[in-house]
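A.B. asks: Turn this into a structure:
(one chain, ligands or ions: 1)
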Amino acid sequence: MKLGLGRDATLSYRRSMDVPPVLLTEDEIQGRVAELAREIDETYADAGGLVLIGVLKGSFIFLSDLARKLTIPHRIEFIAVSSYGAKESETADPVRLIMDVRHAIDDEHVLLVEDIVDTGHTLAYLKRLFGAHDPASVKTCTLLHKPDRTEQEVDLDFLGFTIPDVWVVGYGLDYAERYRTLPYIGELPPEMR
Ligand code: IMP
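C.D. replies: Next up, the predicted model:
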């Protein structure tokens with residue numbers, strides 16, 4: 001029985017897709033994720049457990065690689081946020097929660113896992129929100145940070161890479177829902193948007 005495209009057809013399809021230039025290779029990402037996992041293992045060695053909270057959708061690949069490299073006991077939750085428009089954000093928080101954790105996090109050690117920190121509004125909001133739930137601790141982990149774009153400072157306890165102010169895609173990150181499953185992180189030039 002034949003299902004879908006054959007190998008040759010798949011390869012030529014991939015070759016014909018737009019391919020953004022590489023900013024971080026697959027090896028660089030995997031090496032850094034392994035280092036972050038070791039740092040997290042050491043930090044929480046005596047904590048008795050950790051809740052990783054991944055921020056959908058962008059963190060899903062990073063979180064799955066990171067979690068599989070941890071040796072400490074941990075469980076995984078996902079949340080989703082959406083941004084308000086500019087007009088609303090003048091009076092309200094620019095971010096709101098649209099999907100919450102399934103299980104309470106009271107008295108637990110919480111690690112918020114983000115794909116990228118841009119202005120800092122999302123992570124600052126989430127740290128305040130989950131800090132109000134009486135966890136044992138709340139720390140942050142982000143694969144990427146664009147310091148040139150900071151509008152709100154937030155402590156980044158575990159940081160993968162600092163990058164310039166460019167739009168990046170791949171390894172979970174998208175542009176209009178495209179490029180999420182590229183194995184590397186690419187810089188998307190304006191002509192590819
Ligand atoms: P912040 O609240 O401005 O820090 O925005 C964080 C969110 O913006 C991330 O979780 C991403 O969804 C999105 N974002 C910011 N910069 C990029 C980028 O270069 N590529 C893909 N998504 C981005």
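A.B. asks: Kindly indicate whether Ile105 is helix, strand or coil.
C.D. replies: What DSSP: H, G, I helix; E, B strand; the rest coil gives for Ile105 is coil.
A.B. asks: which residues sit in contact with it?
C.D. replies: Val51, Ile53, Glu77, Phe130, His133, Pro135 (CB atoms under 8 Å, 6 or more residues apart in numbering). Bear in mind the C-beta positions are built from the backbone N, C-alpha and C, glycine included.
A.B. asks: With neighbour count, distance to the ligand and pLDDT as added columns, please give the residues you listed in CSV.
C.D. replies: Shown next, in CSV, are the contacts of Ile105 (neighbours: other CB atoms under 10 Å; distance: CB to the nearest ligand atom, whole Å; pLDDT from 0 to 100):
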residue, neighbour count, distance to the ligand, pLDDT
Val51, 21, 19, 98
Ile53, 22, 13, 98
Glu77, 17, 16, 98
Phe130, 20, 15, 95
His133, 14, 20, 91
Pro135, 17, 21, 97
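A.B. asks: So the residue nearest the centre of the chain versus Gln152, what's the distance?
C.D. replies: Geometric centre of the chain, nearest residue: Asp115, 1.9 Å, by CA atoms, centre = their mean. Distance of Asp115 to Gln152, computed by CB to CB, to the nearest Å: 17 Å.
A.B. asks: try Asp27
C.D. replies: For Asp27, the distance to Gln152 - CB to CB - is 33 Å.
A.B. asks: Among the two, which residue is more densely surrounded?
C.D. replies: Legend: neighbour count by other CB atoms under 10 Å for Asp27 and Gln152, higher for Gln152 (13 against 9).
A.B. asks: Once you drop chain neighbours, what's closest to the more buried one?
C.D. replies: Take Gln152 and drop its neighbours on the chain: the residue closest to it by CB to CB, 6 or more residues apart in numbering is Gly120, 4.0 Å away.
A.B. asks: right, and the helix or strand after the longest helix seen in the chain?
C.D. replies: Ordering each helix of the chain by length in residues (DSSP state H) puts helix 26-43 first. The helix or strand immediately downstream of helix 26-43 is strand 50-56, counting by DSSP states H and E.
A.B. asks: next SSE after the helix or strand of the chain with the lowest mean pLDDT?
C.D. replies: In the chain, no helix or strand scores lower on mean pLDDT, DSSP states H and E than helix 7-16, which sits at a mean of 44. Once helix 7-16 ends, the next helix or strand along the chain (criterion: DSSP H and E) is strand 22-24.
A.B. asks: quick one: strands adjacent to that following strand?
C.D. replies: strand 185-187 (antiparallel) (DSSP bridges).
A.B. asks: could you give the mean pLDDT of the partner strand?
C.D. replies: Across strand 185-187, pLDDT averages out at 98.
A.B. asks: List the buried residues in the longest helix of the chain.
C.D. replies: Ile29, Val33, Leu36, Ala37, Ile40, Thr43 (16 or more other CB atoms under 10 Å).
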